[in-house]
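Asker: 3D model of this:
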Amino acid sequence: MSRLVAPAVRYALALVVLTAVWVGLWGDLTLANVLGGVLAGGFLLMAFPLHPRRSRVVVRPFGTARFLGYFAWLLVRANVDVVRAVIRPSRVREGIVAVEVSTSSDWLLVLLANCVTLTPGTLTVDLRREPDVLYVHVLCLGTLDDARRDVLLLQRSILRAFGPAGSVDDVERRLAGVAA
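Answerer: Next up is the predicted model:
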């Protein structure tokens with residue numbers, strides 16, 4: 001019974017949110033706008049159904065604070081690298097690096113890919129599943145191992161903040177495999 005209720009509650013909640021956005025965009029709370037929002041939201045939910053949740057996301061406050069601090073430091077470091085590349089373009093060495101990553105959660109993989117893309121000088125080119133491989137374009141490429149280590153350290157930080165218990169172990173093994 002609870003398996004039937006959970007999707008219905010998720011759809012109802014999504015419909016309420018979509019209706020509220022619709023009414024907010026129109027800027028006038030009228031019966032016509034509410035009904036229009038329900039119709040538009042219902043159409044959107046039929047056209048783009050919600051996917052079942054396969055894994056729960058855990059939020060660890062201290063891990064999240066550490067992740068945000070680490071990511072802010074990465075942004076500063078990457079901006080300095082890009083400025084150096086702009087000032088001395090002859091020293092730019094770029095390339096695409098394949099990094100094996102691992103997580104059971106699509107959400108965490110998307111978060112990793114987006115964090116890589118948000119970091120100046122790097123861009124997620126592709127993400128393949130089974131095996132999980134993230135292809136990253138790096139503007140200021142030192143060595144392949146350095147680039148892989150940077151992505152794996154970012155993934156470790158994300159998993160410590162949001163991953164299920166024990167999910168960091170595989171990343172630690174991969175980090176040990178990357179030459180120091």
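
Asker: could you measure A72 against A78, distance?
Answerer: As defined by Cβ to Cβ, to the nearest Å, A72 lies at a distance of 11 Å from A78. (C-beta placed from N, C-alpha, C; glycine too.)

Asker: next one: P7
Answerer: Between P7 and A78 the computed distance is 41 Å (Cβ to Cβ).

Asker: if you count what's nearby, which of those two comes out ahead?
Answerer: Of the pair P7 and A78, A78 is the one with more neighbours under other Cβ atoms under 10 Å, namely 18 against 13.

Asker: Which element, helix or strand, includes the more buried one?
Answerer: helix 61-87 (DSSP states H and E).

Asker: immediately after that helix, which helix or strand?
Answerer: Scanning forward in sequence from helix 61-87, with DSSP H and E defining helices and strands, the next element found is strand 95-100.

Asker: Could you export that next one as PDB, CA atoms only?
Answerer: Taking Å, rounded to 0.1, in the frame of the first residue of the first chain, the C-alpha atoms of strand 95-100 are listed here in PDB:
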ATOM      1  CA  GLY A  95      43.300  17.600 -23.100                       C
ATOM      2  CA  ILE A  96      40.400  15.300 -22.300                       C
ATOM      3  CA  VAL A  97      40.800  13.000 -19.400                       C
ATOM      4  CA  ALA A  98      38.800   9.900 -18.600                       C
ATOM      5  CA  VAL A  99      38.200   9.500 -14.900                       C
ATOM      6  CA  GLU A 100      36.600   6.300 -13.500                       C
END
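
Asker: and the helix or strand that that strand is followed by, how far from the chain's centre?
Answerer: Sequence order places helix 106-118 as the next helix or strand after strand 95-100, per DSSP H and E. From the chain centre to the centre of helix 106-118 is a distance of 3 Å (Cα atoms, centre = their mean, to the nearest Å).
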